[in-house]
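[1] following is a predicted model, sequence given first.
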Amino acid sequence: MIIQQRDIEQANRENFRVCLEVLSRPGTTGTITPVFKSHLATLAHCLLYADVSSFFKGDEDYQQIRAITGSPEATTTTADYIFCEQEDLEILAAAKIGTLVNPEHSATLLIQTDSAGNGGTDVVLSGPGIQGTTKKTLSVESTFIDTLRQKNGSFPLGVDCFFLDLDGTLTGITRTTRLETN
């Protein structure tokens, strides 16, 4: 499953840094350095460890990632990290949003999408990390964006969401990011 011999710890540090950068500046993109055949599996390897639970939906076998990271399996309503090989409204709707006392106990979703430019929804982003507003096309249906906006409508509650194109391009949207569709 590992596609190349290289310093995996270094790749994980680089990929984690990309995750931090795209979340701190919503609407910007970064590129994931692949360690596994799948960029989604690469991110799972980078983000998961024994103290966080995870849920995977897709055709790929994530048992090796689960064994390496020690991340316990969870349901869509209890998982800390949710990895989907395509957008899924039911999973988004079920994801935990934290509590007023502990908003950090929310889920982080990682959604694999078609490569940028293959359709999607045009959005205008505003909020922390964005000077004024910025426009972005996210490769998901507008109903997904509407559901995400509703899910994140009661700050500080909500979910953070990463959109990962098949070519490894990553975009992050935090729970504090306001989304408007055109």
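    The structure has been received and is ready for your questions.

[2] element containing Phe16, please.
    helix 8-24 (DSSP states H and E).

[3] show me what that helix is packed up against.
    For helix 8-24, the packing partners by 3 or more Cβ pairs under 8 Å, 6 or more residues apart in numbering; DSSP states H and E come out as strand 29-31, helix 39-47, strand 160-165, strand 169-173. All C-beta atoms are positioned from the backbone trio N, CA, C, and that covers glycine.

[4] of all those, which lies closest to Lys57?
    Nearest to Lys57, of all the helices and strands packed on helix 8-24, is helix 39-47, at 10.5 Å by Cβ to Cβ.

[5] what's the helix or strand just after that closest one packed up against?
    Going down the chain from helix 39-47, the next helix or strand is strand 54-57, by DSSP H and E. Judged by 3+ Cβ pairs under 8 Å, 6+ apart, strand 54-57 is in contact with strand 81-84.

[6] contacts for the strand it packs on next, please.
    Around strand 81-84, the neighbours that count as contacts under Cβ atoms under 8 Å, 6 or more residues apart in numbering are 40, 43-44, 47-48, 52-58, 62, 71, 76, 91, 95, 107-112.

[7] cutoff 10 Å now
    38, 40-41, 43-44, 47-48, 52-58, 60, 62, 65, 69, 71, 74-76, 88, 91-92, 94-96, 107-113, 159-162, 164 (Cβ atoms under 10 Å, 6 or more residues apart in numbering).

[8] roughly how far out does it sit from the chain middle?
    7 Å (Cα atoms, centre = their mean, to the nearest Å).

[9] which other residues reach the helix or strand that that strand is followed by?
    The helix or strand immediately downstream of strand 81-84 is helix 89-94, counting by DSSP H and E. Contact partners of helix 89-94, identified using Cβ under 10 Å, 6+ apart, comprise 55, 57, 75-79, 82-84, 88, 107, 109, 111, 140-141, 143-144, 146-148, 150-151, 159, 161.
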